[in-house]
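Participant: 3D model of this:
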Amino acid sequence: MKIRRIVIIAAVVFLAGILSWVGYGLYQDYKSNPSREVAIEVNGVPFSVEYYVKMLDIYVDNYINFTVNTYLDFYMQAYNATREETIQLLTFNAISDLSQNTDNIADMITGQVADDIINVELLRQGAKNLDIEVTSEEIDAKLAELEWPNERVYQDIIRSALLQEKLGEYFGSGLNATMEQAHVQAMLVESEEVADELLTEIEAGGNFTALAEEFSCNSSVKGDLGWLPRELMPNTLIADAAFNLTPGEISQPIYDETAIKNIGYWLIEVTDKQDDQINARAMLLDSEAEAEWIKAELVSGNFSALALEYSQHESKTEGGELGWLKKGDMGSEAFDDVAFVLARGEISEPVKDESVQTTGGYWLVNVVDRGDHELEENVKEALINKRYNDWRKDWTEESTIETYLDADKKAWAINKVLEGR
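Facilitator: Numbers count the residues shown, from 1 in each chain. The predicted model follows:
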């Protein structure tokens, strides 16, 4: 009996050891293989790392195919290689770029996949709230048409595409053939002084659209905007003018502190020079009038204090100090052409620069006509897109989205996808 007990105890200890060893191995395997973990959660709906990897696999295939198709002819000619050899080379290069994260390509793709998984699920949930759904028969038919595998990731991609079509119909169904619209012309100019001069010229018979082409500082709102409903006006200031002014009337200059202009004016001071380098400080200002006023203030004022208050360049927090510069460091030819010929201690005249952006400006709006007008096809499409995008934005803001993908999980996922390629 004593020997029997010893044998049983030994067997139990041995079995416990085996189970512990196996359990530890499974735990280590689980730690090194996070595929069962939740990668993303959208309003309580989880997506595993395994799902993420499968979606990533599709994106990687697309990236490789895009690389091959884009550069195939060029590489065949450059290396005098056969089509098969070139495809192999380009495929190898694409995989190498991903595995080494050349130019952060892998980061871009892994991030895009996560965003798209979230957007696809938000679209499904949001559409369901509007009683809009896609049937399994519709999905199966599209998969068969495209000859795609009947798997969940492909089903989700197809569902998203079909839902977008149905949502387009949903948001377009309430549009009438005609709608109250205004035919407007608009331009953004840098200062009230310029606006007043142009207004005087227009009132004397000058052509609004021709002057807008020459003086407007905003390339997206420039000249004749055509017939638009209030909903599609570029901003509320233009909309208010378009629907409040009498047709044929031109607005007084309307200040817009948020308007983005493709122009700015530098005031530059060179504090030291050495070989082909300068030590400089500068301010980027939103108009020539403001630059002239601040230049006058510098006679008795402090450059750093004025830069801190008025400059729109990132250096404003440092009082406009740019440090030592070589030509090209500022990315502006207009800046370089003046800065590198200034004497020590000299402050430049205002330097016009159309390669920068500044905020603040004055709108001039001409209301050509207003009333019920037929919706042109491009306007109708723009209205549908705006209503759809506004709906998606609101639904996204209401939603709870959790992303558990860290750098290690993304690296593991991309390596998993690249295995065997």
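
Participant: so the nearest residue to Arg230 once chain neighbours are set aside is in which element?
Facilitator: Once flanking residues are discounted, Arg230 sits nearest to Ala239: 5.0 Å by CB to CB, 6 or more residues apart in numbering. To be clear about C-beta, it is placed using only N, CA and C from the backbone, and glycine gets the same treatment. Per DSSP states H and E: Ala239 is located in helix 236-244.

Participant: need the distance between the two termini of stretch 394-413.
Facilitator: Its first and final residues considered, stretch 394-413 spans 31 Å by CA to CA, to the nearest Å.

Participant: any idea how far that stretch is from the chain center?
Facilitator: With CA atoms, centre = their mean, to the nearest Å as the basis, stretch 394-413 stands 18 Å off its chain's centre.

Participant: output the contacting helices and strands for the next helix or strand after the helix holding Ala239.
Facilitator: Per DSSP H and E, the first helix or strand lying C-terminal to helix 236-244 is strand 254-261. Applying 3 or more CB pairs under 8 Å, 6 or more residues apart in numbering; DSSP states H and E, we find strand 254-261 packed against strand 178-189, helix 236-244, strand 358-374.

Participant: buried ones in strand 254-261, by neighbour count?
Facilitator: Across strand 254-261, burial judged by 16 or more other CB atoms under 10 Å covers 254, 256, 259-261.

Participant: now do stretch 280-297
Facilitator: If you call a residue buried by 16+ other CB under 10 Å, then stretch 280-297 has these buried ones: 280-292, 294-295.

Participant: and the furthest pair within those residues?
Facilitator: Across the buried residues of stretch 280-297, the longest distance by CB to CB is 23.4 Å; it joins Ala280 and Ala289.

Participant: centroid-nearest residue for the chain?
Facilitator: For the chain, Gln112 is the residue whose C-alpha lies nearest the centre (CA atoms, centre = their mean; 11.9 Å).

Participant: contact partners for that one?
Facilitator: By CB atoms under 8 Å, 6 or more residues apart in numbering, the contact set of Gln112 is Tyr59.

Participant: tell me how far it lies from Val153.
Facilitator: According to CB to CB, to the nearest Å, Gln112 and Val153 sit 15 Å apart.

Participant: could you check the angle strand 358-374 makes with the helix or strand harbouring Trp293?
Facilitator: Assigned by DSSP H and E, Trp293 falls within helix 288-297. Interaxial angle, helix 288-297 versus strand 358-374 (axes from the mean of the first three to the mean of the last three CA atoms, to 10 degrees): 160 degrees.

Participant: where in this protein is pLDDT low?
Facilitator: Across the chain, the ranges flagged by pLDDT under 70 are 1-32.

Participant: domain assignment for it?
Facilitator: 2-32, 42-172+395-418, 178-261+359-374, 264-356 (automatic domain parsing).

Participant: export these to CSV and append columns for distance to Glu381.
Facilitator: Output for the domains of the chain, formatted as CSV (distance: least, CB to CB, whole Å):
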stretch, distance to Glu381
domain 2-32, 50
domain 42-172+395-418, 8
domain 178-261+359-374, 11
domain 264-356, 32
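
Participant: which of the ones you listed sits closest to Asn389?
Facilitator: The closest of the domains of the chain to Asn389 is domain 42-172+395-418. By CB to CB, the value is 9.7 Å.

Participant: for the closest one, the distance to its chain's centre please.
Facilitator: Between the centre of domain 42-172+395-418 and the centre of its host chain there is 18 Å, according to CA atoms, centre = their mean.

Participant: ends of that domain, how far apart?
Facilitator: Its start and end residues considered, domain 42-172+395-418 measures 27 Å (CA to CA).

Participant: which residues of the stretch 301-421 of the chain fall in helices?
Facilitator: Assigned by DSSP state H, counting those that start in this stretch, the helices in the stretch 301-421 of the chain fall at 303-310, 333-339, 377-398, 407-418.
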